[in-house]
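Trainee: just the structure for this:
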Amino acid sequence: MATMVSFAVNTMIGQVTPIAMERVAWRYYILFVVCNFMNAGFFWALLPETSKVPLEAMDSLWVEAPWFVPIMRRRDYLEELEREVEEKAGGGKEVA
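Mentor: A predicted model of the protein is given here:
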């Protein structure tokens, strides 16, 4: 779906750009500037950072992350994740 939408939007941009450049000239570039800032805001506000998060923890990260990500305390989440991993690793060992 994402690839299909990307190709459709790119095709639309390719078809519209020559017409827009004739009619509004340099002001057409303002559209791209606005779109880039909107994309940056979307990624900053809604998508949690996944670097250094183990693959096994991705499900819980996406489930537990708040809707507005900047309010999430990443350090607390990673510390809780480390505790869970230690508990699972320690649970399989037998104490003599």
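Trainee: any regions of the chain where pLDDT drops low?
Mentor: Low-confidence segments of the chain (pLDDT under 70): 76, 91-96.
Trainee: domain parsing for it?
Mentor: Following automatic domain parsing, the chain resolves into domains at 1-46, 50-96.
Trainee: give me the distance between the residue nearest in space to the middle of the chain and residue 62.
Mentor: By C-alpha atoms, centre = their mean, the mean C-alpha position of the chain lies nearest to residue 47, the distance being 3.6 Å. Residue 47 sits 10 Å away from residue 62, going by C-beta to C-beta, to the nearest Å. To be clear about C-beta, it is placed using only N, CA and C from the backbone, and glycine gets the same treatment.
Trainee: do residue 30 as well
Mentor: Using C-beta to C-beta, one obtains 34 Å as the distance from residue 30 to residue 62.
Trainee: in CSV, list the domains of the chain along with mean neighbour count.
Mentor: Below are the domains of the chain laid out as CSV (neighbours: other C-beta atoms under 10 Å):
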stretch, mean neighbour count
domain 1-46, 10
domain 50-96, 11
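Trainee: can you get me the start-to-end distance on stretch 23-34?
Mentor: Chord length of stretch 23-34, first to last residue, is 19 Å (C-alpha to C-alpha, to the nearest Å).
Trainee: distance between the biggest helix by length in the chain and the chain's centre?
Mentor: In the chain, with assignment by DSSP state H, the single longest helix is helix 2-24. Relative to its parent chain, helix 2-24 has a centroid offset of 24 Å by C-alpha atoms, centre = their mean, to the nearest Å.
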